[in-house]
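Novice: heads up, no residue letters with this:
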């Protein structure tokens, strides 16, 4: 189950780059390792993020991080405190 959640996050992230023209949809699917149905869901979710990103002017990276982080927070909820503990010790 955890592996599938990580694959989905990877699929969404890779699909974002496909939607913005940096890689192909097939490349994003290959990167994700998802089956067809799961990848289609991730690709659709990434479209919403990419669409909002492309609509913004100026601080696009800030907007990308905002939209993307909300989605990733939701997907990572079940990983719990382990991730938070790790990230707290990491210097960005």
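Specialist: Cool, the structure landed. It should be emphasised that the depicted structure is a prediction, and the values quoted were computed from it without experimental measurement.

Novice: go through the chain and flag its longest helix.
Specialist: helix 36-55 (DSSP state H).

Novice: what is it packed up against?
Specialist: When contacts are defined as 3 or more CB pairs under 8 Å, 6 or more residues apart in numbering; DSSP states H and E, helix 36-55 packs onto helix 2-19, helix 25-32, helix 60-76. For the C-beta atoms, the positions are set from N, CA and C on the backbone; glycine is no exception.

Novice: for the first one, buried residues please.
Specialist: This means helix 2-19. Buried residues in helix 2-19, counted by 16 or more other CB atoms under 10 Å: 7-19.

Novice: any idea which of those residues is closest to residue 39?
Specialist: Residue 39 has its nearest neighbour among the buried residues of helix 2-19 in residue 11, at 5.6 Å by CB to CB.

Novice: wait, which of the buried residues of helix 2-19 is closest to residue 36?
Specialist: Lowest distance from residue 36 to the buried residues of helix 2-19 (CB to CB) belongs to residue 11, with 11.3 Å.

Novice: where does pLDDT dip in the protein?
Specialist: The model of the chain has pLDDT under 70 over residues 1, 55-68, 71, 75-76, 78-92.

Novice: got the contact list for residue 35?
Specialist: Neighbour list for residue 35: empty [criterion: CB atoms under 8 Å, 6 or more residues apart in numbering].

Novice: for residue 70, see how far away it is.
Specialist: Separation of residue 35 from residue 70 (CB to CB, to the nearest Å): 25 Å.

Novice: again, but for residue 54
Specialist: In this structure, residue 54 and residue 70 are 17 Å apart, going by CB to CB.
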